[in-house]
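Student: can you look at this prediction? I've put the sequence above it.
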Amino acid sequence: TKSIPQGIAACINFNIEDTLENNLLNMQEGINSIKSGSVTTAIKDTTVNGIQINKDDFMGISEKEIVTSSNDLMTTCKKLLDQMIAGQDCCFITIIYGDTVDEDLANEVLNYAIDTYDIEGEIVNGQQPLYQFIFGLE
């Protein structure tokens, strides 16, 4: 897998009572059903894909591509989710929040996704140090 949400999806699709071949197929199906995103902090000033990024700004990354940047965390989350969800057939979001984010802000991000895109979701305290948020869409 290439992201934490993909790894979780693969694990969920594992069945100890099934054959190796079926497990590989089911786990790969789980991996393919997940779209991943993350929010982290820029370590330097740069421009990527025409997006101006300043040191200490928040960067929104969809899969492995930087799609937005802002000095405001909530703005970055909203723009990233807009990029990831709009026009997609998503029905559930998992939001894993890091050790610099509190549960209230995670719920605010979740409520934005639910209210804007009519999807269901959950938050998980991942306590990760480098990413304020990791998103898994299915």
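Tutor: Thanks, I have it.
Student: model confidence for Asn111, exactly?
Tutor: Reading off the confidence values, Asn111 has pLDDT 97.
Student: isn't there a helix covering it?
Tutor: Yes. Assignment of Asn111 by DSSP: H, G, I helix; E, B strand; the rest coil places it within a helix.
Student: kindly tell me how buried it is, as a neighbour count.
Tutor: Neighbourhood size, Asn111 [other Cβ atoms under 10 Å]: 11. Any C-beta I mention is one placed from the backbone N, CA and C, and that applies to glycine too.
Student: now it: how far from Asp56?
Tutor: 26 Å (Cβ to Cβ, to the nearest Å).
Student: residue contacts, Asn22?
Tutor: By Cβ atoms under 8 Å, 6 or more residues apart in numbering, Asn22 lies in contact with Asn15.
Student: helix or strand for it, which one?
Tutor: Here Asn22 is covered by helix 20-32, with elements defined by DSSP states H and E.
Student: flag every buried residue along that helix.
Tutor: Of the residues in helix 20-32, those with enough neighbours to count as buried (16 or more other Cβ atoms under 10 Å) are Asn23, Asn26, Met27, Gly30, Ile31.
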